[in-house]
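Asker: Please find the sequence and the predicted model below.
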Amino acid sequence: MAKAAGFTLGELARTLRATLEGDPAAVVTGVAPLESAGPGQISFLVDVRFAEAARASGAGAFLAGPDVSGLPGPVLRVHAPQQALIELLTLFHPPSDAVPGIAPSAVVASDAKVAPTATIGALAVIESGAVIGPYARIGPLAFVGAGAEVGEASVVHARVALCAGVTLGKRVVVHAGAVIGADGFGYAFDGEAHRKIPQVGSVLVEDDVEIGANTTIDRATLGQTIIRRGTKIDNLVQIGHNVEIGEHSIIVAQVGIAGSCRIGRGVVLAGQVGVADHLTIGDGKRIFLLEGELPEVVRRLRAAERRLAALEARLGAGEVPNG
Amino acid sequence: MAKAAGFTLGELARTLRATLEGDPAAVVTGVAPLESAGPGQISFLVDVRFAEAARASGAGAFLAGPDVSGLPGPVLRVHAPQQALIELLTLFHPPSDAVPGIAPSAVVASDAKVAPTATIGALAVIESGAVIGPYARIGPLAFVGAGAEVGEASVVHARVALCAGVTLGKRVVVHAGAVIGADGFGYAFDGEAHRKIPQVGSVLVEDDVEIGANTTIDRATLGQTIIRRGTKIDNLVQIGHNVEIGEHSIIVAQVGIAGSCRIGRGVVLAGQVGVADHLTIGDGKRIFLLEGELPEVVRRLRAAERRLAALEARLGAGEVPNG
Amino acid sequence: MAKAAGFTLGELARTLRATLEGDPAAVVTGVAPLESAGPGQISFLVDVRFAEAARASGAGAFLAGPDVSGLPGPVLRVHAPQQALIELLTLFHPPSDAVPGIAPSAVVASDAKVAPTATIGALAVIESGAVIGPYARIGPLAFVGAGAEVGEASVVHARVALCAGVTLGKRVVVHAGAVIGADGFGYAFDGEAHRKIPQVGSVLVEDDVEIGANTTIDRATLGQTIIRRGTKIDNLVQIGHNVEIGEHSIIVAQVGIAGSCRIGRGVVLAGQVGVADHLTIGDGKRIFLLEGELPEVVRRLRAAERRLAALEARLGAGEVPNG
């Protein structure tokens, strides 16, 4: 069904299981945001906050949920517009196929096991005993340390470092520059110097986890640092040794999670949140930076000071004892 | 004019268009900070806060603005000492020339276009369809993805990753470890799991932008993440998908800018500032961390508590209703 | 004494100089945390906070300090359990030996000096004039710039970038992805654009320093950014140009230290702390994020507001002047 020239709205309606309000023979050749979409493109409204922008859009067609009216063009009406958007984007931008095989410039240890359907990019390094599963892709200049394992259909982008012994499940995605399995930060001061506590554990990343660019996940001192199934981690996040993060959690950019924390299932940690060591955060919690509350605190404090001054003025300038 | 043995103050005065107070035949062989400069070196005073340190300096000569007196040596007097310092440092430390050409160990796709005057470092990877402009330099172990473009005279340092389709303008500098164009952080929860929203947009970095070490700039979901002309970005900064940053802004280290923010022209975001998604920051704004205000808030709160206690004491120990 | 099959408690007691309470012939084959240790493993109690977990542990033996009783198994009693734990972990997990020599795929400049006992990993790049000391290890895909020096027995992990002219002392460890010696962030606005101040200084890292994954340490504008002996730096830390950090300090993950700061000896900067430019932090200081105090501030503010309302109610609804 895919055509270089685009799709008819009728084709899109069938594929997305959408109700079409408009001409099924009309053709759209791409997807674009509300602000920039032109008459040959389809746009989308997945959040009613943007209904006004949608009504002002020059798009040739719209993907929208059931509760929006007044759109200036044909509408593909669906119950779950965000899910349908994923399908729509995938139709117009199908993932590129990788060519299986090992790039001639890659350096692969003779006892590493690389599945015949896996792809190893240019100048990647795969050390002794590493295992690269079926359909996995290792990007250019990536490093897979001794004994590390990359599960089926996982994607390790360019310039990632998977240190020795790290294990990735299936369909894991690791973005460029991430470092999985560097030593945890553990020292014992002996009166003269900080002596390093050997960090001899590892990291387990379960299926369907995604890890952002330049994020760091430390190996455990003993045992494993664990990222459970389906959790998504953004860029520049720091995850300390022996942390365990539950399933389907969302860890936004620049979050820092100190050693031995337990983060539950379905937790959201907003950008730049810090979690001190050994803390537990229960399932489904949403944690935001408190810093955003500071302006409101200052406003209330200023109001209290004014009320205090007014009371003091009414009561006269009597000596006030220093509390 | 450049001499291995240094420069006379007369030569420097002419080059910097400075008024010399002192002997034009005196020679200096290097530039050094006020604290460590010796009699054979020239130091500089670009901020009157350091006038005291300048008067105590052992430097053999000084570069200074019009409003500082009492310096213990010859002075090259200029109106804009910071700009003159740039010239002075460049005289003593001229940028090294790159030898054009492709290192034999680099892996360059047969259909990539590399200008004859460009330099490709050892073990760099340039993928299919990438374009490297005249006089551009790609550092060792850097990665330039499929279809990415690097404009004239841009410098991509060692171990940078420019993902597929990213565009850099002219004279852009990207420091080691930065990742430009990794996927934006976008998921839709379908009731069971977070499903990835394909990130099919790109990143546009305009002329004269500088990007710090290990900084990450995500590609747009659709369209482009844009960094406008002349903006300078420090290390370990996170810039989310679909962000646009205006011209000549300054983004200091560890700042995080969430998805779809609009940052104006000439904005300064101080170190570690976070900007939540979809926010707009107007031209010329300077944003600092509020956290620094907290000690002052605590001091004022303590004072208010004392004044309250004093009033309560004067009014007697009457029962106070719980508000 | 090391045996693949493990160690007897008697052997361990002798090596750790511990007093054994239990059967010296009992054998343990590994070290494990209190929660997961089984009867064939030895666990450890280095913090009395975990005494309860220790008493519930299924470990076959314990390493513990003098002040804990009631452990359910043989005990190796020592005065400094953290130091003994380091020895215990090293016994069971001896560091792997590196094979000296230069990997055939590494690119080493002809005038670089590599000690015969050093190890250069696959696809590492060592530029002109660099010096790699005895027993030093340079990991795969690491970059050592022109004139950089790596001291005896230092370990530069995979994908580190040591920029030109950087100097590492002896026994320094740099984890994957760290960038040492990128340009400091210095510009002078000339009325139209930010002009770059050449960053012509360097970085000096003294003996026994450890630097975390994806951390960035900028070169000085002039002179040196200096990390003194024995200091330990965690992941994703930013250290600006011309900073000096004293001996034996601890810099936790995601800390940012702006340019020209002076951090003393034995300082602890907790995770995500920011230090503004040109500040000095004295020896032995411990700095934590103030953000954690905010909930307490809000609680106290709410209490003050209640007390104010109570006073106002007692004094009647008189007009309150606006302060």
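Answerer: Nice, thanks for sending it over.
Asker: Now do the helix or strand hosting residue A:86: distance to the chain's middle.
Answerer: In this structure, residue A:86 sits in helix A:81-92 according to DSSP states H and E. Helix A:81-92 has its C-alpha centroid displaced from the chain centroid by 18 Å (C-alpha atoms, centre = their mean, to the nearest Å).
Asker: Show the low-confidence segments of chain A, by residue range.
Answerer: A:1-4, A:317-323 (pLDDT under 70).
Asker: So which residues of it form helices?
Answerer: A:9-16, A:51-55, A:81-92, A:294-314 (DSSP state H).
Asker: In TSV: those, plus distance to residue C:288 and mean neighbour count.
Answerer: Every residue, glycine included, has its C-beta placed from N, CA and C. Formatted as TSV, those follow (distance: least, C-beta to C-beta, whole Å; neighbours: other C-beta atoms under 10 Å in any protein chain shown):
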stretch	distance to residue C:288	mean neighbour count
helix A:9-16	51	20
helix A:51-55	44	16
helix A:81-92	40	20
helix A:294-314	17	16
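Asker: Mind putting those into a markdown table with distance to residue B:96?
Answerer: Below are the helices of chain A laid out as a markdown table (distance: least, C-beta to C-beta, whole Å):
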| stretch | distance to residue B:96 |
| --- | --- |
| helix A:9-16 | 55 |
| helix A:51-55 | 50 |
| helix A:81-92 | 45 |
| helix A:294-314 | 47 |
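Asker: so what's residue A:112 up against?
Answerer: Applying C-beta atoms under 8 Å, 6 or more residues apart in numbering or on different chains to residue A:112 gives the contacts A:126, A:127, A:128, A:129, A:130, A:131, A:132, A:144.
Asker: Now for those, which sits with the most neighbours around it?
Answerer: Highest neighbour count within these, by other C-beta atoms under 10 Å in any protein chain shown: residue A:144, with 32 neighbours.
Asker: give the contact list for that residue.
Answerer: Neighbour list for residue A:144: A:112, A:124, A:125, A:126, A:127, A:130, A:132, A:138, A:150, A:156, A:162 [criterion: C-beta under 8 Å, 6+ apart].
Asker: Return the closest of the residues you listed with respect to residue A:43.
Answerer: residue A:156 (33.7 Å; C-beta to C-beta).
Asker: Counting neighbours, what do you get for the closest one?
Answerer: Applying other C-beta under 10 Å, we find 30 residues neighbouring residue A:156.
Asker: Quickly list what it is bridged to.
Answerer: residue A:138, residue A:174 (DSSP bridges).
Asker: Does it touch residue A:166 like I think?
Answerer: No: in this structure, residue A:156 is not within contact of residue A:166 by C-beta atoms under 8 Å, at 10.5 Å.
Asker: From chain C, how far out is residue A:146?
Answerer: 8 Å (C-beta to the nearest C-beta, to the nearest Å).
Asker: What is the burial count for that residue?
Answerer: Residues near residue A:146, counting by other C-beta under 10 Å, number 16.
Asker: and residue A:201, which of the helices of chain A is closest to it?
Answerer: Closest approach to residue A:201 among these (C-beta to C-beta): helix A:81-92, 36.2 Å.
Asker: Around chain B, pick out the residues from the stretch 51-200 of chain A.
Answerer: Contacts of the stretch 51-200 of chain A with chain B, taken as C-beta under 8 Å from any C-beta of the partner chain, map to A:80, A:82-83, A:85-86, A:89-90, A:92-93, A:95, A:103, A:105, A:121-123, A:139-141, A:157-159, A:173, A:175-177.
Asker: Report the buried members of those.
Answerer: A:80, A:82-83, A:85-86, A:89, A:92, A:103, A:105, A:121-123, A:139-141, A:157-159, A:173, A:175-177 (16 or more other C-beta atoms under 10 Å in any protein chain shown).
Asker: related to what we said a few turns ago, which of the residues of the stretch 51-200 of chain A next to chain B come close to chain C?
Answerer: Counting by C-beta under 8 Å from any C-beta, A:123, A:141, A:159, A:177 from those sit close to chain C.
Asker: of these, closest to residue A:278?
Answerer: Among these, and counting by C-beta to C-beta, the member closest to residue A:278 is residue A:177, at 28.5 Å.
Asker: Leaving out sequence neighbours, find the closest residue to that closest one.
Answerer: In space, residue A:177 comes closest to residue A:214 once its chain neighbours are excluded; the distance is 4.0 Å by C-beta to C-beta, 6 or more residues apart in numbering or on different chains.
Asker: was I right about that neighbour contacting residue C:177?
Answerer: Yes: the pair residue A:214 / residue C:177 is scored as a contact, 7.0 Å apart, by C-beta under 8 Å.
Asker: Now for these two: what residues contact both?
Answerer: A:177, A:179, B:177, B:214, C:214.
Asker: Please tabulate those in a markdown table, including the columns distance to residue B:228.
Answerer: As requested, the shared contacts of residue A:214 and residue C:177 are arranged in a markdown table below (distance: C-beta to C-beta, whole Å):
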| residue | distance to residue B:228 |
| --- | --- |
| A:177 | 24 |
| A:179 | 31 |
| B:177 | 23 |
| B:214 | 22 |
| C:214 | 27 |
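Asker: Near residue A:279, how many residues? Count them for me, please.
Answerer: Neighbour tally, residue A:279, other C-beta under 10 Å: 12.
Asker: do the one 4 residues further on as well
Answerer: Neighbour count for residue A:283, taken as other C-beta under 10 Å: 13.
Asker: got the contacts of residue A:112 as CSV, with distance to residue A:33 columns?
Answerer: As requested, the contacts of residue A:112 are exported to CSV (distance: C-beta to C-beta, whole Å):
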residue, distance to residue A:33
A:126, 40
A:127, 43
A:128, 48
A:129, 47
A:130, 41
A:131, 42
A:132, 37
A:144, 37
